[in-house]
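A.B. asks: sequence unknown, structure follows:
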């Protein structure tokens with residue numbers, strides 16, 4: 001069974017059809033997704049700007065981490081679920097969209113960037129936590145995060161307007 005076959009099956013399910021054909025369901029899920037995107041990415045952007053040493057340099061990285069990431073994680077989960085439902089309703093169109101594929105690759109790279117940050121740079125946080133300008137590895141992780149999330153947003157919005 002190919003990915004295209006799975007997408008066709010998702011598209012044809014009662015859930016996919018209900019979301020796609022509902023007067024209110026698709027727009028409500030889309031609104032939740034966009035609001036979740038703004039809240040989740042907004043918190044990540046503040047953290048990335050701190051990693052770059054551009055904003056909130058008077059606060060420790062660990063303090064911002066503790067304050068921002070619980071919110072980002074919850075809202076990211078809402079965004080992920082709503083995005084999955086949106087994909088479910090338009091799986092065939094999405095899979096055939098180059099912008100969806102760009103978004104998917106950027107999401108995977110953003111996840112990989114976060115994992116690498118957690119397994120490497122974040123483990124040495126105690127050494128550089130209060131420095132106004134973090135080490136180059138942290139700055140690279142922050143910059144990559146900003147670039148990847150910008151790509152995800154641009155591809156997602158472009159995808160939405162090409163259906």
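C.D. replies: Yep, it's here. Since the model is a prediction, treat every value here as computed from it, not as a measurement.
A.B. asks: quick one, helices of this protein?
C.D. replies: Under the criterion DSSP state H, helices of the chain are mapped to 3-12, 14-21, 25-51, 61-89, 91-95, 98-119, 125-128, 136-161.
A.B. asks: which residue packs closest to residue 83, ignoring adjacent ones?
C.D. replies: Closest residue to residue 83 apart from its sequence neighbours, by C-beta to C-beta, 6 or more residues apart in numbering: residue 33 at 5.5 Å. C-betas here are computed from N, CA, C, even on glycine.
A.B. asks: any idea how far that neighbour is from residue 23?
C.D. replies: Distance, residue 33 to residue 23, using C-beta to C-beta, to the nearest Å: 18 Å.
A.B. asks: might you calculate how far stretch 24-31 sits from the centre of the chain?
C.D. replies: Distance of stretch 24-31 from its chain centroid, counting by C-alpha atoms, centre = their mean, to the nearest Å, is 19 Å.
A.B. asks: let me redo that: stretch 92-99
C.D. replies: How far stretch 92-99 lies from its chain's middle: 18 Å, per C-alpha atoms, centre = their mean.
A.B. asks: that one - what's its average pLDDT?
C.D. replies: Averaged over stretch 92-99, pLDDT sits at 95.
A.B. asks: same question for stretch 63-74.
C.D. replies: Average pLDDT, stretch 63-74: 91.
A.B. asks: measure how far it is from the centre of its chain, please.
C.D. replies: On C-alpha atoms, centre = their mean, the centre of stretch 63-74 falls 15 Å from the chain's centre.
A.B. asks: which residues does that stretch contact?
C.D. replies: Applying C-beta atoms under 8 Å, 6 or more residues apart in numbering, the contact partners of stretch 63-74 are 39-40, 43-44, 46-47, 50, 56.
A.B. asks: now do 10 Å
C.D. replies: Around stretch 63-74, the neighbours that count as contacts under C-beta atoms under 10 Å, 6 or more residues apart in numbering are 36, 39-47, 49-51, 55-56, 59-60, 76, 79, 122, 125, 129-130.
A.B. asks: just for this protein, where's the confidence low?
C.D. replies: For the chain, no stretch is flagged by pLDDT under 70.
A.B. asks: ok, back up a step: redo the helices of the chain as CSV? Include mean neighbour count.
C.D. replies: Formatted as CSV, those follow (neighbours: other C-beta atoms under 10 Å):
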stretch, mean neighbour count
helix 3-12, 14
helix 14-21, 14
helix 25-51, 18
helix 61-89, 16
helix 91-95, 19
helix 98-119, 15
helix 125-128, 12
helix 136-161, 17
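A.B. asks: residues contacting residue 111?
C.D. replies: Counting by C-beta under 10 Å, 6+ apart, residue 111 touches residue 148.
A.B. asks: since that was my last question, I'll sign off now.
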